[in-house]
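A.B. asks: Predicted model follows, preceded by the sequence.
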Amino acid sequence: MADALPRGRLGGFFTEEIRVRGERRGFALVTFDGRRSTLAHVERHGPPRVGKYGVDVDALEAVAHTALVVRPDVTLYLVDEIGKMESLSRAFVEATRALLDARVPLVATIGQRGGGFIAEVKRRPDVTLWEITRANRDAMPARVKSWIERAR
């Protein structure tokens with residue numbers, strides 16, 4: 001989906017799995033301006049941890065202060081994801097809240113479970129939630145694209 005949109009007008013980030021010999025070892029943050037950092041990894045020691053992954057909160061902070069800033073040249077923000085790891089960063093929470101409050105077009109994935117900021121976002125009256133299932137996942141890109149076109 002993101003590949004079909006012009007990079008200069010797209011803000012936010014997506015995550016990619018870091019795999020070694022077919023085994024998931026962590027997650028990378030990739031911004032739409034081409035920056036990449038490690039969000040979480042099994043070999044990252046100490047807190048904070050989500051499951052078996054040590055989370056690099058500083059990487060989230062950097063993304064929050066750059067890729068999630070409301071800018072007039074950005075017409076759409078994509079955030080993958082609003083989850084337990086991301087919610088560990090106060091800057092991420094504040095930046096995402098600012099995007100929502102600015103009422104700019106924002107497409108985000110969000111954890112199915114979770115309290116705190118995850119629950120807060122889901123309770124907002126200006127947020128539309130779509131559950132992606134095996135039955136509807138193939139049709140979802142067209143549905144999201146249609147929503148984006150109406151939101152602009």
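C.D. replies: Ah, there it is. Numbering: from 1, shown residues only.
A.B. asks: Please count neighbours and contacts with C-alpha atoms only from this point.
C.D. replies: Fine.
A.B. asks: which residues of this structure fall in helices?
C.D. replies: With DSSP state H, the ranges of helices along the chain come out as 57-66, 90-102, 116-123, 140-151.
A.B. asks: Could you dump those helices into CSV with distance to residue 129 and mean pLDDT added?
C.D. replies: Listed next are these as CSV, based on distance: least, Cα to Cα, whole Å; pLDDT from 0 to 100:
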stretch, distance to residue 129, mean pLDDT
helix 57-66, 23, 96
helix 90-102, 14, 97
helix 116-123, 7, 97
helix 140-151, 11, 87
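A.B. asks: CSV for these, including distance to residue 75 and mean neighbour count?
C.D. replies: As requested, the helices of the chain are exported to CSV (distance: least, Cα to Cα, whole Å; neighbours: other Cα atoms under 10 Å):
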stretch, distance to residue 75, mean neighbour count
helix 57-66, 15, 18
helix 90-102, 12, 17
helix 116-123, 21, 15
helix 140-151, 10, 13
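A.B. asks: Turn those into a markdown table, columns for distance to residue 83.
C.D. replies: Listed next are those as a markdown table, based on distance: least, Cα to Cα, whole Å:
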| stretch | distance to residue 83 |
| --- | --- |
| helix 57-66 | 12 |
| helix 90-102 | 10 |
| helix 116-123 | 7 |
| helix 140-151 | 20 |
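A.B. asks: Residue 25 is in contact with residue 42, isn't it?
C.D. replies: Yes - with contact defined as Cα atoms under 8 Å, residue 25 reaches residue 42; the gap is 5.6 Å.
A.B. asks: how much space between the residue of the chain most remote from its centre and residue 150?
C.D. replies: What lies farthest from the middle of the chain is residue 21; by Cα atoms, centre = their mean that is 25.9 Å. According to Cα to Cα, to the nearest Å, residue 21 stands 42 Å off from residue 150.
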